[in-house]
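Trainee: give the three-dimensional model of this entry:
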Amino acid sequence: MSGSLMNLFSLCFKPFGHVCDNSEAGSGGGGGVSGGTGGEGKDGLLWFRDLGKYCGGDFSMAVIQANQVLEDQSQVESGNFGTFVGVYDGHGGPEAARYVCDHLFNHFREISAETQGVVTRETIERAFHATEEGFASIVSELWQEIPNLATVGTCCLVGVIYQNTLFVASLGDSRVVLGKKGNCGGLSAIQLSTEHNANNEDIRWELKDLHPDDPQIVVFRHGVWRVKGIIQVSRSIGDMYMKRPEFNKEPISQKFRIAEPMKRPLMSATPTILSHPLHPNDSFLIFASDGLWEHLTNEKAVEIVHNHPRAVTQRD
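Mentor: Next comes the predicted model:
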């Protein structure tokens, strides 16, 4: 992303969401995204931003398209509140990730304005819920014309830097890893996010506790654990067919329909949120979808970024 404001007519053709420059961010201590120090380009199925600047330092972004239609989005925004980073890993189609990229930050900004810009866990959680409700409304409005919109969802990984504190909010299985300098000069990799994937035993127990009357809440199918044998992640924005019974019926595909009555939502849009006080030894952060972490350990990713500081990968 560059330092100038980039308004995209359609997110179909770009993997990055909105770019915020100093003029949009406003004046004051918050600063904004600036730059001109790195290039943005496309190489086959790779989109990249070599190097940009925000009020706290530098950032780089990269997206590798894995499907025929790019289902993922990402954004970096800065303002008086600090900095907002979002990685949205779509599944079933691009619509949910595009919607989140267009609306989640705007909800966050509006809600934080109610408290004069103070950022809290509640601020972030309310923004997630407002985004979920907005997408649900669209699914409802378009149910007759585009019923399969109910089967589209997205994992969400958000970082907010506010007054030297990093808030991390996550839905699904994207991950943020901190590269931290040690006292002896080495660099350690610290995972800061929680992954909501049924392959994790803790998530399976969480689902079983939430659905004690459903012995099939998690099913081992095609070599992995899945919620109701269908989807691996247990939290997302979208996936309304797993949350509201009125969307789990014809005309959506049979493979998405659940035979037994849905007594409660099978997936959640409530993010796990943690806060991390930033320290001078905190060197950099890597925000990435599971496409990166399937191939790299936390330690290897930190090593690569440390050894190639001008090619920081924020998502895959």
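
Trainee: going forward, measure contacts between C-alpha atoms and count neighbours the same way
Mentor: Will do.

Trainee: could you list the low-pLDDT ranges of the stretch 201-316 of the chain?
Mentor: Along the stretch 201-316 of the chain, segments meeting pLDDT under 70 span 309-316.

Trainee: repeat that for 80
Mentor: 308-316 (pLDDT under 80).

Trainee: repeat that for the stretch 51-200 of the chain.
Mentor: In the stretch 51-200 of the chain (pLDDT under 80), the answer is 51-71, 183-185.

Trainee: at 90 instead, please
Mentor: 51-82, 115-117, 164, 182-187 (pLDDT under 90).

Trainee: and the helices in it?
Mentor: 95-113, 121-141 (DSSP state H, counting those that start in this stretch).

Trainee: now for the shortest one, which elements pack on it?
Mentor: Right, helix 95-113. strand 16-19, strand 72-79, strand 82-91, helix 121-141, strand 153-162, strand 237-238 (3 or more Cα pairs under 8 Å, 6 or more residues apart in numbering; DSSP states H and E).

Trainee: return the distance of stretch 128-143 from the chain's centre.
Mentor: Counting by Cα atoms, centre = their mean, to the nearest Å, stretch 128-143 is centred 17 Å from the centre of its parent chain.

Trainee: how is the chain divided into domains?
Mentor: 11-197+235-307, 198-232 (automatic domain parsing).

Trainee: and the longest one, how far out from the chain middle?
Mentor: In other words, domain 11-197+235-307. Distance, centroid of domain 11-197+235-307 to centroid of chain: 2 Å (Cα atoms, centre = their mean).

Trainee: also the shortest one?
Mentor: Centre-to-centre, domain 198-232 and its host chain are 22 Å apart (Cα atoms, centre = their mean).

Trainee: now it: buried residues?
Mentor: 198-199, 203-204, 207-208, 211, 217-220, 225-232 (16 or more other Cα atoms under 10 Å).

Trainee: and what of stretch 271-288?
Mentor: 271-273, 275, 284-288.

Trainee: out of the residues you listed, which are inside strands?
Mentor: Under the assignment DSSP state E, the buried residues of stretch 271-288 contribute 272-273, 275, 284-288 to strands.

Trainee: nearest to residue 296 among those residues?
Mentor: Residue 296 lies nearest to residue 288 out of those, by Cα to Cα, at 10.9 Å.

Trainee: flag every buried residue along stretch 90-98.
Mentor: 90-91, 93-98.

Trainee: end-to-end on it?
Mentor: End-to-end distance for stretch 90-98, by Cα to Cα, to the nearest Å: 8 Å.

Trainee: swap in stretch 236-250?
Mentor: 22 Å.

Trainee: buried set for that stretch?
Mentor: 236-245, 247-248.

Trainee: would you reformat those residues as CSV and include distance to residue 73?
Mentor: Output for the buried residues of stretch 236-250, formatted as CSV (distance: Cα to Cα, whole Å):
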residue, distance to residue 73
236, 14
237, 13
238, 15
239, 17
240, 20
241, 22
242, 22
243, 23
244, 25
245, 28
247, 25
248, 26
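
Trainee: now, among those, which is nearest to residue 117?
Mentor: Of the buried residues of stretch 236-250, the one sitting nearest to residue 117 (Cα to Cα) turns out to be residue 237, at 24.6 Å.

Trainee: quickly list what the closest one is bridged to.
Mentor: residue 154 (DSSP bridges).

Trainee: re earlier: let me know the closest of the ones in strands among the buried residues of stretch 271-288 to residue 124.
Mentor: Distances from residue 124 to those, taken by Cα to Cα, are shortest for residue 273, at 8.3 Å.

Trainee: that closest one against residue 167, yeah?
Mentor: Yes - Residue 273 lies in contact with residue 167 (Cα atoms under 8 Å); the separation is 6.8 Å.

Trainee: quick one: the residue lying farthest from the centre of the chain from residue 276, how far?
Mentor: Within the chain, residue 184 marks the point farthest from the mean C-alpha position, 33.6 Å out by Cα atoms, centre = their mean. The gap separating residue 184 from residue 276 is 22 Å, by Cα to Cα.

Trainee: do the same with residue 147
Mentor: Distance from residue 147 to residue 276, by Cα to Cα: 41 Å.

Trainee: kindly report the same for residue 134.
Mentor: 29 Å.

Trainee: now do residue 87
Mentor: 19 Å.

Trainee: now do residue 130
Mentor: In terms of Cα to Cα, residue 130 sits 24 Å off from residue 276.

Trainee: quick revisit: which members of the buried residues of domain 198-232 occur in strands, if any?
Mentor: Per DSSP E, the subset of the buried residues of domain 198-232 in strands is 218-220, 225-227.

Trainee: verify the stated contact: residue 169 with residue 270.
Mentor: No - contact criterion Cα under 8 Å: residue 169 and residue 270 do not qualify, at 9.3 Å.

Trainee: more neighbours, these two?
Mentor: residue 169 (25 against 17; other Cα atoms under 10 Å).
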